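Participant: structure, please.
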Amino acid sequence: MPNLIDEETLASLRELQSDDDPHFLKNYFSLFLKPIPTLAMSIRKSIETRNYEELEMAAHALKSSSSNSGIGTVTSLCSDLEKLGQRKSVEGAIEKCIELEKYLKELEVEVKSLPEFKS
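Facilitator: Next comes the predicted model:
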């Protein structure tokens, strides 16, 4: 399975780690992962209730943090979901949501398998 986190972005984040902040990467991804369950649940619920504004906002929030973290697959799916919210449509949204949830589970495993999480 290919990595979900872009290697170049991961290398750049690792460069920010220093003797003064040896747990930077672990802290960074811990903060990244924390809101994911709430955002994913919000995306699913907003699709089910056709709350387009909430779909757009939750997808945008997850898209932004994923983009900043070099997680292109999640960023792309969230962008698609955000656009559906903007168009006030849920056509194909549940399928994208299911795919997103799958990738988010894989992402959590990937992040927690980083060497920085083992220390």
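
Participant: show me where the protein has helices.
Facilitator: Secondary structure of the chain by DSSP state H: the helices cover 7-15, 24-33, 36-49, 52-68, 72-86, 93-112.

Participant: who's in contact with the residue nearest the centre of the chain?
Facilitator: Centroid check for the chain by C-alpha atoms, centre = their mean gives residue 66 as the closest residue, at 4.3 Å. Residue 66 makes contacts with 72, 74-75, 78, as judged by C-beta atoms under 8 Å, 6 or more residues apart in numbering. For the C-beta atoms, the positions are set from N, CA and C on the backbone; glycine is no exception.

Participant: same question for residue 51.
Facilitator: residue 45.

Participant: if we go to 10 Å?
Facilitator: 42, 45, 57-58, 85, 90 (C-beta atoms under 10 Å, 6 or more residues apart in numbering).

Participant: and the pLDDT at the closest residue to residue 67 other than its chain neighbours?
Facilitator: Sequence neighbours aside, residue 75 is the residue nearest to residue 67 in space, at 4.5 Å (criterion: C-beta to C-beta, 6 or more residues apart in numbering). For residue 75, the model assigns a pLDDT of 97.

Participant: and residue 75, how many neighbours does it have?
Facilitator: 19 (other C-beta atoms under 10 Å).

Participant: spatially nearest residue to residue 39 (excluding sequence neighbours)?
Facilitator: Using C-beta to C-beta, 6+ apart, the nearest residue to residue 39 is residue 62, at 4.7 Å.
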